[in-house]
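Novice: Quick one: sequence and predicted model below, then my questions.
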Amino acid sequence: MGILKASDHGQMPLSATVPVHILLTMADSAAPRFVHSHYATEVYENQPIGHFIIHVEARSQSSLFYEITAGNMDGMFQINPSTGIIMTKQHLDFEKTRYYNLTVQVSNMVSVKAQATVDIHILDINDNRRNLTKSFLREYK
């Protein structure tokens, strides 16, 4: 920790001090590495917006930035750029799209990049109301 002092050059000089914390991070020029090159998961179509889908994880000596670079049709998913957690951004519909193949890219502080793929299979639920029709009713004894 250090102390930073600022002062002016007035007739009666004024000054102020503030403690300063300096954090150094190592800029690693090596490419980040995903823990797995391919991820796969299944999710039911009735999940709310913001629902956790999967966590992709990479390793590096420096800070990482995650982004979805391909396969995110209609912007259905979002990724936390710091953690690599993929979540729903819109409501999923099995009848519309049953499968997504995302490409996730991670970059470190010196913009060195790596990619992984994420397969997301949408599972159907019965989201159509049951329609029972009575054509006739017969009593048996």
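Specialist: On my side now, so go ahead. Numbering: from 1, shown residues only.

Novice: How much space separates Val18 from Ile122?
Specialist: Using CB to CB, to the nearest Å, Val18 is found at 53 Å from Ile122. C-beta: built from backbone N, CA, C; applies to glycine.

Novice: and those two? which has more neighbours close in?
Specialist: Ile122 (20 against 9; other CB atoms under 10 Å).

Novice: Find the nearest non-adjacent residue to that one, please.
Specialist: Take Ile122 and drop its neighbours on the chain: the residue closest to it by CB to CB, 6 or more residues apart in numbering is Phe94, 4.8 Å away.

Novice: what about the one you found, is that helix, strand or coil?
Specialist: coil (DSSP: H, G, I helix; E, B strand; the rest coil).

Novice: Surely it is in contact with Asp124?
Specialist: Yes. Using CB atoms under 8 Å, Phe94 is in contact with Asp124, at 4.2 Å.

Novice: shared neighbours, the two?
Specialist: Between them, Phe94 and Asp124 share these contacting residues under CB atoms under 8 Å, 6 or more residues apart in numbering: Glu45.

Novice: More neighbours: which of those two?
Specialist: Phe94 (16 against 12).

Novice: Might you report the residue contacts of that one?
Specialist: Counted by CB under 8 Å, 6+ apart, Phe94 has contacts Glu45, Ile122, Leu123, Asp124, Ile125.

Novice: Let me know the closest of these to His38.
Specialist: Ile122 (18.1 Å; CB to CB).

Novice: Now the helix or strand hosting that closest one: average pLDDT?
Specialist: Element membership of Ile122 [criterion: DSSP states H and E] is strand 113-123. For strand 113-123, mean pLDDT rounds to 98.

Novice: quick one: the residue positioned nearest the centre of the chain from Ala16, how far?
Specialist: Nearest to the mean C-alpha position of the chain, by CA atoms, centre = their mean, lies Ile79 at 1.7 Å. Distance, Ile79 to Ala16, by CB to CB: 42 Å.
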